[in-house]
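# Have a look at this prediction, sequence included:
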Amino acid sequence: MTTTATVDSIHEGMRVDRYIAEVLDLFPRSQIAHRNVEARVNGAEVRLSKRLRGGEVIEISSSEPDPPSIDPEDIPLDILFESDRVVVLNKPAGMVVHPGAGNRHGTLAQGLLYHVEGLRHRFGDSARPGIVHRLDKETSGVIVAAKDPEMVALLADQFKRRRATKHYLALVKGRPPRSIDTIENHLARDERNRKRFTVVSPDRGKLAVTEYRVLRHFERHSFLLMKPQTGRTHQLRVHMASIGSPIVGDDVYSRKESRLPIKGMMLHAYRLRVYLPEFSEWREFVAPLPARIKDALRAASDLP
């Protein structure tokens, strides 16, 4: 893969490897060593530590890393529904969906490989066997996985065309400006902090739309039902923070919660509706509210 760009003057003094990760947004700096990255500035090959002056033409070439081979693991799974072609699970908070840097074991994908007979044969060495969509590590709730590549494509098309619907429950700080509203803006990765996404102008980011409704107000918090119309990374978390009501326990977009004795992020994928062709009908699946959020709600109701 080759990418060519002209360096803007505002990036004067930036290292080439930072420019690749933060401006071109090709991949994180941690992956550069695994992608055989080479850089040329005005036609001359340069080190990735070289500092840019602005105005140069930079050319980046790289190759895709070999996909990690993952092994099945006997991990307890909370299965809400299972058929010949899909399995619907209630993912606990703290579980990563598929292996990645720093998370090589204990993932949902490895549990699926153990639980679903023949899954490895159908998907080969894929690090995401049957995974159609994802939830953040600290988000709990309903998630669907397919048992064959054709079903992955069918479900993925439903998410892409916004036919599948998802609802989330969240405890947030303060009171949103409106009890019922739709947040619509554009999101992109934060150039100053790669772990974050931020609201940007339409020409720089991807459209993100979230509907929300306040279910209950507390003295210092609110309990929300949210329906994302798009599926951007960190979308709900960024949207809630953008209106001054970040999700409780979100250590990326909010300050530490000092009033509630809670652990983890108070975000739960509550309901999922998808079309299952093997039954020729739409099916809705619900993941019960976990104890950690019930406890946080009780604590929030007791605050003066």
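That came through, no problem.

# Run through the protein and note the low-pLDDT ranges.
Scanning the chain for pLDDT under 70 picks out 64-69, 101-103.

# who are the neighbours in contact with the residue most central in space within it?
The residue lying closest to the centre of the chain (CA atoms, centre = their mean) is residue 233, at 4.1 Å. For residue 233, the contact set (CB atoms under 8 Å, 6 or more residues apart in numbering) comprises 187, 197. (Each C-beta comes from the backbone N, C-alpha and C, glycine too.)

# Over to residue 39?
Each residue near residue 39 by CB under 8 Å, 6+ apart is listed here: 16, 20, 45, 46, 47, 48, 50, 58, 59, 60, 61.

# Hmm, the first one is touching residue 56, no?
No: when contacts are counted by CB atoms under 8 Å, residue 16 is not listed as touching residue 56 (10.0 Å).

# Need the overlap of contacts for those two.
Shared contacts of residue 16 and residue 56, defined by CB under 8 Å, 6+ apart, are found at residue 41.

# Thought residue 29 was touching residue 35, still the case?
No: counting by CB under 8 Å, residue 35 does not reach residue 29; the two are 10.8 Å apart.

# Compare those two and say which is more crowded by neighbours.
Neighbours were counted for residue 35 and for residue 29 using other CB atoms under 10 Å; residue 35 has more, 17 against 14.

# Without its sequence neighbours, what residue ends up closest to residue 95?
residue 108 (5.8 Å; CB to CB, 6 or more residues apart in numbering).

# For residue 235, see how far away the one you found is.
Using CB to CB, to the nearest Å, we find residue 108 at a distance of 20 Å from residue 235.

# Likewise for residue 157?
Note on residue 157: its distance to residue 235, by CB to CB, is 20 Å.

# So for those two, which sits in the more crowded spot?
Shown here are residue 157 and residue 235; by other CB under 10 Å, residue 235 has more neighbours (20 against 13).

# and the helix or strand hosting residue 298, which residues are buried?
If you go by DSSP states H and E, residue 298 is part of helix 291-302. The neighbour-count check on helix 291-302 (16 or more other CB atoms under 10 Å) flags 292, 293, 296, 297, 299, 300 as buried.

# Return the closest of the residues you listed with respect to residue 197.
residue 293 (23.4 Å; CB to CB).

# hey, where'd the helices end up in this structure?
For the chain, the helices defined by DSSP state H occupy 16-18, 108-115, 119-123, 149-160, 235-242, 291-302.

# the strands in the stretch 101-250 of the chain, which residues?
Secondary structure of the stretch 101-250 of the chain (DSSP state E, counting those that start in this stretch): strands located at 140-146, 165-173, 180-189, 197-200, 206-217, 221-228.

# what inclination does the fifth one have with respect to strand 165-173?
With axes from the mean of the first three to the mean of the last three CA atoms, to 10 degrees as the basis, strand 206-217 and strand 165-173 are set at 60 degrees to each other.

# circling back: the contacts of residue 39 into JSON lines, with extra columns for neighbour count and distance to residue 8?
Formatted as JSON lines, the contacts of residue 39 follow (neighbours: other CB atoms under 10 Å; distance: CB to CB, whole Å):
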{"residue": "16", "neighbour count": "23", "distance to residue 8": "14"}
{"residue": "20", "neighbour count": "26", "distance to residue 8": "14"}
{"residue": "45", "neighbour count": "9", "distance to residue 8": "22"}
{"residue": "46", "neighbour count": "16", "distance to residue 8": "18"}
{"residue": "47", "neighbour count": "9", "distance to residue 8": "21"}
{"residue": "48", "neighbour count": "17", "distance to residue 8": "19"}
{"residue": "50", "neighbour count": "17", "distance to residue 8": "16"}
{"residue": "58", "neighbour count": "22", "distance to residue 8": "11"}
{"residue": "59", "neighbour count": "16", "distance to residue 8": "16"}
{"residue": "60", "neighbour count": "21", "distance to residue 8": "15"}
{"residue": "61", "neighbour count": "14", "distance to residue 8": "21"}
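
# Among these, which pair sits farthest apart?
Spatial extent of those (CB to CB) is set by the pair 50 and 61 at 15.5 Å.

# so the residue of the chain positioned farthest from its centre bridges to which residues?
Distance from the C-alpha centroid of the chain peaks at residue 44, with 37.6 Å (CA atoms, centre = their mean). Beta-bridge pairing for residue 44 (DSSP bridges): residue 41.
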